[in-house]
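**Q** following is a predicted model, sequence given first.
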Amino acid sequence: MSSATPSDRACYVYGIVPADAPGPDEADGFVGVGDPPEPVRRVRHGDVAALVSEIDPRRPLGTPQDLIGHARVLDAVAAGRTAVLPFRFGAVVRDPAAVTDELLAPQGERFRSALEGLAGLAQFTVRGTYREEAVLREIVEQRPDIARLRAETAALPEDASRPQRIRLGELVSAELADRARAGADELLARLGPLAVATVRVDPSADQPVGGSFLVADDRWPEFTRATDELGADWAGRIDLRLLGPLAPYDFAAQLVDAPGPRPWD
């Protein structure tokens, strides 16, 4: 780290890795938060190490570049097939000594056990968004009651058809919710068997279908192919986006908070 007075610099913590993991390399994406971002390095203690970089504590965090930098470091570690426990964005401690004394020393055994549980695994997240016009057209074709109500409201003045329009909106919203649940069920049924653990993502307007999957290293190609096949089956109705390999954001806390056998064993 560069020389500076203690109040000028602090340590940003990205996550925890095994102490003997390959060292950070800027060429592999290990440039994190800050303006300009400082190189990422390890602070070791026993069998574990924290990935940290130097920041100016007087500069507020939270820019899009900071968020991207945080994820870029963690995901580069995961893509390199190294187990990593990701921290939430914004974890800052005073200096490297505090990283050891306040973080690694008191929780080192829990971190070590959790890293063992994540060895050989990485997260893949699948997000699905509707082709809105196609899905709405499909709903009208498959739901005669919605089609009739739609025709009725179209033939009436807006003021006179307000109750019908409200009812139409309720029916369409309920149908979209049913389809989102069915889509999520199919997503987990098709991709879940290729993962050791899954997390169902609650549907939203931006992401009606989605899930996170913890996948073993040797099944990454198979999982990618299965996602492509599902995307082809849904083509024209739902657009799928596959993100990964990622750090295990949706799974690591289970191991840290509840030491012992892995929940998915």
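**A** Arrived safely, thanks for sending. On a predicted model such as this, the values are computed, not experimentally measured, just so you know.
**Q** right, and Ser212 touches Gly192 too?
**A** No: judged on Cβ atoms under 8 Å, Ser212 makes no contact with Gly192 at a distance of 10.9 Å. Where you see a C-beta, it was placed from the backbone N, CA and C, and this is true even at glycine.
**Q** intersection of neighbour lists for the two?
**A** Thr198 (Cβ atoms under 8 Å, 6 or more residues apart in numbering).
**Q** need the contact list for Pro86.
**A** With Cβ under 8 Å, 6+ apart, Pro86 has these contacts: Tyr14, Gly15, Leu74, Ala247, Pro248, Tyr249, Ala252.
**Q** the fifth one: what's it in contact with?
**A** Translated: Pro248. Ala78, Val84, Leu85, Pro86, Leu118, Leu121, Ala122, Gln123, Leu214.
**Q** quick one: the first one from Pro18, how far?
**A** Read that as Ala78. The gap separating Ala78 from Pro18 is 13 Å, by Cβ to Cβ, to the nearest Å.
**Q** which of the contacts of Pro86 sits closest to Leu149?
**A** Nearest to Leu149, judged by Cβ to Cβ, of these is Tyr249 at 42.3 Å.
**Q** the closest one touches Leu118, doesn't it?
**A** No: using Cβ under 8 Å as the test, Tyr249 is too far from Leu118 to be in contact (11.5 Å).
**Q** which ones among the contacts of Pro86 map onto strands?
**A** Among the contacts of Pro86, the members falling in strands (DSSP state E) are Tyr14, Gly15.
**Q** flag whichever of the contacts of Pro86 scores worst on pLDDT.
**A** Lowest pLDDT of these: Ala252, 89.
**Q** right, and that one touches Leu85 too?
**A** Yes: shown here, Ala252 and Leu85 form a contact pair, counting by Cβ under 8 Å, at 4.8 Å.
**Q** now for Arg219: which residues touch it?
**A** Here Arg219 is in contact with Leu194, Ala195 (Cβ under 8 Å, 6+ apart).
**Q** local confidence estimate at it?
**A** pLDDT, read off for Arg219, is 96.
**Q** report the buried residues of stretch 235-254.
**A** Neighbour-count burial for stretch 235-254, counted by 16 or more other Cβ atoms under 10 Å, picks out 238, 240, 242, 244-252, 254.
**Q** which one of those is nearest Val135?
**A** Ranked by distance to Val135 (Cβ to Cβ), the buried residues of stretch 235-254 are led by Ile238 at 7.9 Å.
**Q** could you measure from Pro221 over to Val215?
**A** Applying Cβ to Cβ to Pro221 and Val215 gives a distance of 10 Å.
**Q** quick one on the thing from earlier: can you put the contacts of Pro248 in CSV and add pLDDT, distance to Val135 and secondary structure?
**A** CSV is the format used below for these (pLDDT from 0 to 100; distance: Cβ to Cβ, whole Å; DSSP: H, G, I helix; E, B strand; the rest coil):
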residue, pLDDT, distance to Val135, secondary structure
Ala78, 93, 33, helix
Val84, 95, 37, coil
Leu85, 95, 39, strand
Pro86, 96, 34, strand
Leu118, 93, 37, helix
Leu121, 95, 34, strand
Ala122, 96, 32, strand
Gln123, 97, 28, strand
Leu214, 97, 30, strand
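**Q** any chance of the residues you listed in TSV, with distance to Pro208 too?
**A** Formatted as TSV, those follow (distance: Cβ to Cβ, whole Å):
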residue	distance to Pro208
Ala78	26
Val84	30
Leu85	30
Pro86	26
Leu118	29
Leu121	27
Ala122	25
Gln123	20
Leu214	22
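**Q** just the closest of the residues you listed to Arg110, please.
**A** Minimum distance to Arg110 across the contacts of Pro248 is 9.5 Å, recorded for Leu85 (Cβ to Cβ).
**Q** buried set for stretch 125-135?
**A** Applying 16+ other Cβ under 10 Å to stretch 125-135 flags Thr125, Val126, Arg127, Gly128, Tyr130, Val135 as buried.
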